[in-house]
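*Asks:* Sequence and predicted structure are below.
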Amino acid sequence: MVDDEVLDAWFCREVLPLERALTAFIRRNWRVEAEIMDLRQDVYERALSGAASGLPARASAYVYTIARNHLITVARRQQIVPIDLVADIESLPIDADPLSPERHASGREELRRVQAGLDRLPPRCREILALRKIEGLSSKEVAKRLGVGVDAVDHQTSKGMRALADFMLGGEGRIARRAPRRQRERSEEA
């Protein structure tokens, strides 16, 4: 753990001189001008909290790596549309959708089918799928949040997506469960 005074001195000596170049880097890689200063502050915050456990040897590389990773994370999260926001599409004014009435109705019906498919999943699988595919969390983040292993998250995500695809294609949308080992062994012997 780095002493606060040492950390502050490091930040002023190594990171603050990068401010102009860091701002230019963020501006080149981000499309919304109004968010640039907030993003820079986020990078500073992450740099300080990360350096608290040990000062990096090369502050410049450290800060730019944090900035790049943060921009990627923010961009990825902004591309995700919450399903409950989309589910409320019926409350939008009619002229807000330039699509034909048929396509509009078809889209609403598909959304209802997705929701019905999600509702058919077991609660844990549904929760994992929502965190992974709707909220956009990584397997590692979901595993940490739910207190399960990353392999379990990946397994449940895979099973849930297969069941949801099956449901959307007209199937029952049930997760296929393997028979217990003894039962499989008996059926193989017969």
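*Replies:* Good, I have the coordinates.

*Asks:* Break the chain into its domains for me.
*Replies:* 4-78, 84-182 (automatic domain parsing).

*Asks:* For residue 73, see how far away the residue positioned nearest the centre of the chain is.
*Replies:* What sits nearest the mean C-alpha location of the chain, by CA atoms, centre = their mean, is residue 136, with 2.0 Å. Distance of residue 136 to residue 73, given as CB to CB, to the nearest Å: 9 Å. (Each C-beta comes from the backbone N, C-alpha and C, glycine too.)

*Asks:* got it, and residue 166?
*Replies:* Distance, residue 166 to residue 73, using CB to CB: 32 Å.

*Asks:* What of residue 33?
*Replies:* The spacing between residue 33 and residue 73, counted by CB to CB, is 20 Å.

*Asks:* higher neighbour count, those two?
*Replies:* Taking other CB atoms under 10 Å, residue 33 and residue 73 do not tie; residue 73 has more neighbours (13 against 8).

*Asks:* Just list the residues touching that one, thanks.
*Replies:* If a contact means CB atoms under 8 Å, 6 or more residues apart in numbering, then residue 73 has no contacts.

*Asks:* in this structure, which spans are helices?
*Replies:* 4-10, 19-29, 36-51, 59-78, 83-87, 101-120, 123-129, 139-146, 150-168, 181-189 (DSSP state H).
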